[in-house]
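A.B. asks: What follows is a protein structure lacking sequence information:
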């Protein structure tokens with residue numbers, strides 16, 4: 001038909017396509033838009049397409065009205081280095097062996113309204129969030145210069161009041177990097193610093209070469225499945241099993257085991273190898289109890 005721009009094309013009855021896999025539909029042509037169908041995927045079916053975009057988005061008719069689908073994903077150039085994660089969370093394990101991805105093209109296949117995008121990588125589908133995630137922290141908290149309770153407190157040592165923060169990175173141990181008036185700082189809402197510090201005698205051990213049944217700790221943790229876990233054996237009368245503890249020279253660990261010789265103010269620090277345990281030896285160290 002003729003328009004003010006010249007002759008153009010339209011399809012008043014819509015174009016029928018078949019999508020033979022489950023897909024999400026979105027309220028807008030963006031993977032960060034709210035999902036249609038109450039957030040559930042649509043089953044394989046025929047779709048009536050009334051509009052197409054060059055980046056693969058198609059407007060289709062659904063029982064909720066017109067929505068948008070992109071069955072093959074959207075090719076997008078990411079113009080800065082970034083971390084990818086196994087899940088849509090800054091506390092998820094990092095992909096790519098923990099290394100940054102360089103700027104490059106990625107195929108985006110899903111997303112969330114909080115800024116996360118699912119992309120195809122050499123390891124499979126992973127998640128990234130280029131601009132960070134706006135999050136309301138609903139309680140007062142301390143922020144730290146590094147992801148450790150032993151590092152210096154930010155904000156002149158004062159508590160932050162409940163407010164919105166932009167989260168830009170994190171660790172699997174619960175730390176989140178946030179933007180503050182002082183720059184990027186760290187917070188851990190799942191483990192709070194109780195301020196309880198004392199000195200203990202610390203020896204070390206390893207289950208390297210031990211039979212499988214000897215790799216299960218008193219707390220039921222299978223060290224064999226995670227030989228690099230940070231874990232200490234404690235006297236449960238002094239430190240409750242399951243408590244998170246910062247150990248000088250070792251880092252943050254979980255009180256996850258006991259031992260016949262571990263009584264009173266004494267701990268046994270776990271290492272992956274016998275060599276590392278021997279190198280630790282026996283020493284007096286400061287520990288800090290965390291919730």
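C.D. replies: Sure thing, it's come through. Given the structure is predicted, the values throughout are model-derived calculations rather than measurements.

A.B. asks: for the stretch 1-150 of the chain, which spans come out with low pLDDT?
C.D. replies: By pLDDT under 70, the low-scoring segments of the stretch 1-150 of the chain are 1, 9-13.

A.B. asks: go with 80
C.D. replies: 1-3, 7-14, 150 (pLDDT under 80).

A.B. asks: Could I get the full set of strands for it?
C.D. replies: 2-3, 6-7, 15-19, 45-52, 58-62, 65-69, 74-78, 104-111, 117-121, 124-128, 133-137 (DSSP state E, counting those that start in this stretch).

A.B. asks: For the ones you listed, please prepare JSON lines with the additional fields mean neighbour count.
C.D. replies: All C-beta atoms are positioned from the backbone trio N, CA, C, and that covers glycine. Formatted as JSON lines, the strands of the stretch 1-150 of the chain follow (neighbours: other C-beta atoms under 10 Å):
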{"stretch": "strand 2-3", "mean neighbour count": "8"}
{"stretch": "strand 6-7", "mean neighbour count": "6"}
{"stretch": "strand 15-19", "mean neighbour count": "12"}
{"stretch": "strand 45-52", "mean neighbour count": "15"}
{"stretch": "strand 58-62", "mean neighbour count": "18"}
{"stretch": "strand 65-69", "mean neighbour count": "18"}
{"stretch": "strand 74-78", "mean neighbour count": "14"}
{"stretch": "strand 104-111", "mean neighbour count": "17"}
{"stretch": "strand 117-121", "mean neighbour count": "19"}
{"stretch": "strand 124-128", "mean neighbour count": "18"}
{"stretch": "strand 133-137", "mean neighbour count": "14"}
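
A.B. asks: and the ones you listed as CSV, adding distance to residue 211?
C.D. replies: Below are the strands of the stretch 1-150 of the chain laid out as CSV (distance: least, C-beta to C-beta, whole Å):
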stretch, distance to residue 211
strand 2-3, 79
strand 6-7, 80
strand 15-19, 52
strand 45-52, 54
strand 58-62, 58
strand 65-69, 54
strand 74-78, 47
strand 104-111, 44
strand 117-121, 38
strand 124-128, 34
strand 133-137, 44
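
A.B. asks: So for residue 262, which of those sits nearest?
C.D. replies: Relative to residue 262, the nearest member of the strands of the stretch 1-150 of the chain by C-beta to C-beta is strand 133-137, separated by 37.0 Å.

A.B. asks: re earlier: which one of the strands of the stretch 1-150 of the chain lies nearest to residue 90?
C.D. replies: strand 133-137 (7.0 Å).

A.B. asks: And the closest one, how far out from the chain middle?
C.D. replies: Between the centre of strand 133-137 and the centre of its chain there are 14 Å (C-alpha atoms, centre = their mean, to the nearest Å).

A.B. asks: Contacts for it, please.
C.D. replies: Contact with strand 133-137 is made by 90, 114-116, 160, 162-167, 187, 189, as judged by C-beta atoms under 8 Å, 6 or more residues apart in numbering.

A.B. asks: Can I get the buried part of those residues as one ChimeraX selection?
C.D. replies: Typed into ChimeraX, the line below selects the buried ones among the contacts of strand 133-137, using 16 or more other C-beta atoms under 10 Å:
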select :90,115,116,160,165,167,187
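
A.B. asks: between the contacts of strand 133-137, which is closest to residue 174?
C.D. replies: Relative to residue 174, and with distances defined as C-beta to C-beta, the nearest of those is residue 189, at 7.1 Å.

A.B. asks: was I right about the closest one contacting residue 178?
C.D. replies: No: using C-beta atoms under 8 Å, residue 189 is not in contact with residue 178; the gap is 10.5 Å.

A.B. asks: Tell me where the stretch 151-291 of the chain has strands.
C.D. replies: Under DSSP E, counting those that start in this stretch, the stretch 151-291 of the chain gives strands at 163-170, 175-180, 183-188, 193-205, 231-233, 244-247, 251-257, 266-270, 283-290.

A.B. asks: mean pLDDT for those strands: which is lowest?
C.D. replies: Within those, confidence is poorest for strand 193-205, with a mean of 84 (mean pLDDT).

A.B. asks: buried ones in that one?
C.D. replies: 193, 200, 202-205.

A.B. asks: okay, these in CSV with distance to residue 125 next?
C.D. replies: Below are those laid out as CSV (distance: C-beta to C-beta, whole Å):
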residue, distance to residue 125
193, 36
200, 45
202, 42
203, 44
204, 40
205, 39
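
A.B. asks: just those residues now: which is nearest residue 77?
C.D. replies: Using C-beta to C-beta, the buried residues of strand 193-205 come closest to residue 77 at residue 193, 42.0 Å.

A.B. asks: Many thanks, I have nothing further to ask.
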